[in-house]
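Asks: Next one to model:
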Amino acid sequence: MLPAPRGSAFFPARLPRLAAGALTLRQLRRRAGREASQRNNNIPTRRQCFTAEQGGTSTAMAEGDGAPPSSWEKDLAEALEEGGCDLETVRNIIQGRQLPADLRAKVWKIALNVVGKGDSLASWDGCLDLPEQSIIHKDCQELIDRLSVPEDEKSVLLLDIESVITFYCKSRNVKYSSCLGWIHLLRPLVHLRLPRSDLYNCFYAIMNKYIPRDCFLKGRPFHLFRLLLQYHEPELCSFLDTKKMTPDSYALNWLGSLFSYYCSTEVTQAIWDGYLQQADPFFIYFLMLIILVNAKDVILAQESEKEEMLKFLETSPANLEVEDIEDLFSLAQYYCSKTPASFRKDNHSLFGSSLLGLKDDDTDLSQALCLAVSVSEILQANQQQGEGVRFFVVDCRPAEQYNAGHLSTAFHLDSDLMLQNPSEFAQSVKSLLEAQKQSIESGSIAGGEHLCFMGSGREEEDMYMNMVLAHFLQKNKEYVSIARGGFMALQQHLADINVEGPENGYGHWIASTSGSRSSINSSVDGDSPNGSSDGKGVKSLVNKMTVALKTKSVNVKEKVISFIENTSTPVDRIPFNIPWPDRASLERHVSSSDRVGKPYRGVKPVFSIGDEEEYDTDEIDSSSMSDDDRKEVVNIQTWINKPDVKYNFPCNEVKENGHMFPSHLLVTATHMYCLREIPSRKGLAYIQSRQALNSVVKITSKKKHPELITFKYGNSNTSGIEILAVERYLIPNAGDATKAIKQQIMKVLDALES
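Replies: The predicted model follows:
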């Protein structure tokens, strides 16, 4: 059961109007507790979290069980006095309680693993001669002035702090800047009255283990935090995105100072007491998440200017009180338990001094559509018993690929339907959510609150899956993720772990809709299915849904089954160690029989029209290179009415990640413009792109989606065509639009040749 509220308020009534209406942490915890209890998953108290991490009961008696309140403090003092005390022993005794002030220094040193460390500054010459030394001295003096330090100790303490920062800069080859926030990191440590050697060792340990790399504006840690926020609170994330309030604009000093920038010394110490005992650098992300979740209602209801709202968000940790910290940690632990382990594992290189793994970590999180989950976690999660993250996998590959081989617990949602047959897509989404609900209620191994979308693993094909993903995110669906590497990664993973058959726990995971299930061995060897499993496998959830849909109308059932189990054209199973084969190109050139087309006349200019290749490698998204803040804003109607504008085609610009933006394609005698509508400013648009018609080298479309048009721009030389930019548009009347654009392009080419 959750403890009763003690009355502490995260946002007290005395705060400005902007904060009025925000939930207290106690209220937030109660609300989350009600939701959790419906799933038989009560939020643990902070003390339960610490006990659970140790895998057993505490060596000290808990409060309220008859022991004196200070008995655990005596046990802690004795353990610290004896020496040789490790972090596990300390955590077993403390169990998440606030530390006594006189024991805090010893506990923090144990948590930071600096006990017994030597004096790193012993060999230093003590010269305070950095180019930015005057700034360092000024910042250190300001810190001393804010502290309650006896006058006769100020000069010594000032020298210690300035020496710590100076030596750190010299030894790490870092240039000091006030915006780094190091002074705020040192403030809680200075209160411990540590010797200079311990002060430096503790500061170094915190910088090394708990301050992430690239902790600056537009840095990787803040892109990661946005993905975490989107995973748990998509509505709030979308709102902040719309307002262009990125995490680095309000949380830079949260993460860079571990909350000490805005919190009082007492609150900072209470936060660090728990955080350092957690020994998990990623836990700060969940503390930051709770700060935002707590203020969600206020944020969504605000009508203030962006600057005022940013100020409110940035300073919100200042409202924390010591009484709030237990609830803050309990809620953070709850959200942590609802987050895929890949969040930590895939981003471990953010923390620590080792440069190992940095070369492999080239993922651009700023371009990630949502949180990515490893295929190994997907397989392991749904085999585990009890609480934890469980995934409902949605396979978004084309029907023929799905039929050839798929995760047996995956629900098939053909992403092509989103453009081909929107009404059928809407029905299949409804069926998907029904299947998810039923699988959870029945306790199926396929069930899970967390939706994980799986594509093929090839960027060009997965563009349509990304559009489906964007659809769910726009609907503010929580717990949405993507399987990293798609089905190709799943194949490779099973091959890497040398899957031999069902007895190892994984053999039943791959099934074929167009034939009976076979072992992984036959799949790896490339053999076709030739037998059924031994019964240990789980029946495909897709087949379960087929049975479930019998209760629906015949018309609906036939439609859904037609896209889920399209077995009219059986496809042989593809071996696990061989990628899906490329398909033959269907591109054609403009022929002499085309009324508006002409054959190539030499090398330059070059222009072709045809069906888009399945796998294009010369993709350069030109529109992704621009920043909305730098684009020219124009009146849409004014531009449409310009005398030199010959055609206007309302459309949607389609990005590689699936996002679509309402736009207008305007065609003049020599150029084509894309005006992207500004949602918050009706009638206005950004000039998203401006392309010369004579730079168009190819116009292509998908056979399945003729309304999705791709324009490729570039130039040609004796070595061939060089693609410089690619743009995609979803045009309702694509036939009329492309015909008009082709005619205008041919006029330009004719004029150039004559």
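
Asks: For E441, which non-adjacent residue is spatially closest?
Replies: With C-beta to C-beta, 6 or more residues apart in numbering as the measure, G447 is the residue that lies nearest to E441, at 7.8 Å, once sequence neighbours are left out. For glycine as for every other residue, the C-beta is placed from the backbone atoms N, C-alpha and C.

Asks: cool, V149 as well?
Replies: Closest residue to V149 apart from its sequence neighbours, by C-beta to C-beta, 6+ apart: L157 at 5.9 Å.

Asks: Distance check, that neighbour against S481.
Replies: When distances are taken as C-beta to C-beta, to the nearest Å, L157 and S481 turn out to be 49 Å apart.

Asks: Looking at these two, which has the bigger crowd around it?
Replies: Neighbour count, other C-beta atoms under 10 Å: between L157 and S481, S481 has more, with 25 against 19.

Asks: separation between that one and L228?
Replies: Using C-beta to C-beta, we find S481 at a distance of 11 Å from L228.

Asks: Please apply the same query to E400.
Replies: Applying C-beta to C-beta, one obtains 36 Å for the distance of E400 from L228.

Asks: Who has more neighbours out of these two?
Replies: Each of E400 and L228 has its neighbours counted (other C-beta under 10 Å); L228 has more, 20 against 14.

Asks: what about the more buried one, is that helix, strand or coil?
Replies: In terms of secondary structure, L228 is helix; the call rests on DSSP: H, G, I helix; E, B strand; the rest coil.

Asks: That one touches F343, doesn't it?
Replies: Yes - look at L228 against F343 with C-beta atoms under 8 Å: they come within range, at 6.6 Å.

Asks: Next, show the common contact partners of the two.
Replies: Taking C-beta atoms under 8 Å, 6 or more residues apart in numbering as the contact rule, the neighbours common to L228 and F343 are L371.

Asks: From G181, how far off is N113?
Replies: Separation of N113 from G181 (C-beta to C-beta) stands at 23 Å.

Asks: More neighbours: these two, which one.
Replies: A count of neighbours by other C-beta under 10 Å puts G181 above the other of N113 and G181, at 20 against 14.

Asks: And the helices in the stretch 51-200 of the chain, which stretches?
Replies: Residue ranges of the helices in the stretch 51-200 of the chain, as given by DSSP state H, counting those that start in this stretch, are 71-82, 87-94, 104-111, 133-146, 151-172, 182-190, 196-209.

Asks: how about those helices in a markdown table, adding mean pLDDT and distance to K243?
Replies: Formatted as a markdown table, the entries for the helices of the stretch 51-200 of the chain read as follows, by pLDDT from 0 to 100; distance: least, C-beta to C-beta, whole Å:
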| stretch | mean pLDDT | distance to K243 |
| --- | --- | --- |
| helix 71-82 | 89 | 46 |
| helix 87-94 | 89 | 40 |
| helix 104-111 | 94 | 38 |
| helix 133-146 | 94 | 32 |
| helix 151-172 | 93 | 36 |
| helix 182-190 | 94 | 27 |
| helix 196-209 | 95 | 32 |
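
Asks: Reformat these as a markdown table; add distance to T670.
Replies: What follows is these, written out as a markdown table (distance: least, C-beta to C-beta, whole Å):
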| stretch | distance to T670 |
| --- | --- |
| helix 71-82 | 79 |
| helix 87-94 | 70 |
| helix 104-111 | 67 |
| helix 133-146 | 54 |
| helix 151-172 | 55 |
| helix 182-190 | 56 |
| helix 196-209 | 57 |
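
Asks: Select, out of the ones you listed, the one closest to I636.
Replies: Closest of these to I636 is helix 182-190, at 47.2 Å (criterion: C-beta to C-beta).

Asks: roughly how far is that closest one from the heart of the chain?
Replies: Shown here is helix 182-190, whose average C-alpha point lies 30 Å from the average C-alpha point of the whole chain (C-alpha atoms, centre = their mean, to the nearest Å).

Asks: dump the residue contacts of the residue nearest to the spatial centre of the chain.
Replies: Centroid-nearest residue in the chain, with C-alpha atoms, centre = their mean: L227, separated by 2.5 Å. For L227, the contact set (C-beta under 8 Å, 6+ apart) comprises L365, A368, C370, L371.

Asks: which two from these end up farthest apart in space?
Replies: L365 and C370 (10.9 Å).

Asks: For D102, grab the count of nearby residues.
Replies: Number of residues near D102 (other C-beta under 10 Å) recorded here: 9.

Asks: Let me know the distance separating it from F222.
Replies: For D102, the distance to F222 (C-beta to C-beta) stands at 37 Å.

Asks: Next: T166.
Replies: In this view, T166 and F222 are 29 Å apart by C-beta to C-beta.

Asks: picking that back up, the residue nearest to E441 contacts R390, correct?
Replies: Yes - between G447 and R390 a contact is recorded at 6.5 Å, counting by C-beta under 8 Å.

Asks: which neighbours do the two share?
Replies: N382.

Asks: So L666, which state does it fall into?
Replies: At L666 the chain is in strand, as set by three-state DSSP.

Asks: let's have the chain start at 7 instead
Replies: In the new numbering, first residue 7, that becomes L672.

Asks: What sits closest to it if chain neighbours are left out?
Replies: The shortest distance from L672 to any residue other than its chain neighbours is 4.4 Å, reached at Y679 (C-beta to C-beta, 6+ apart).

Asks: What is the neighbour count of that neighbour?
Replies: As a measure of burial, Y679 has 21 neighbours, counting by other C-beta under 10 Å.

Asks: That's all I had, so thanks and see you.
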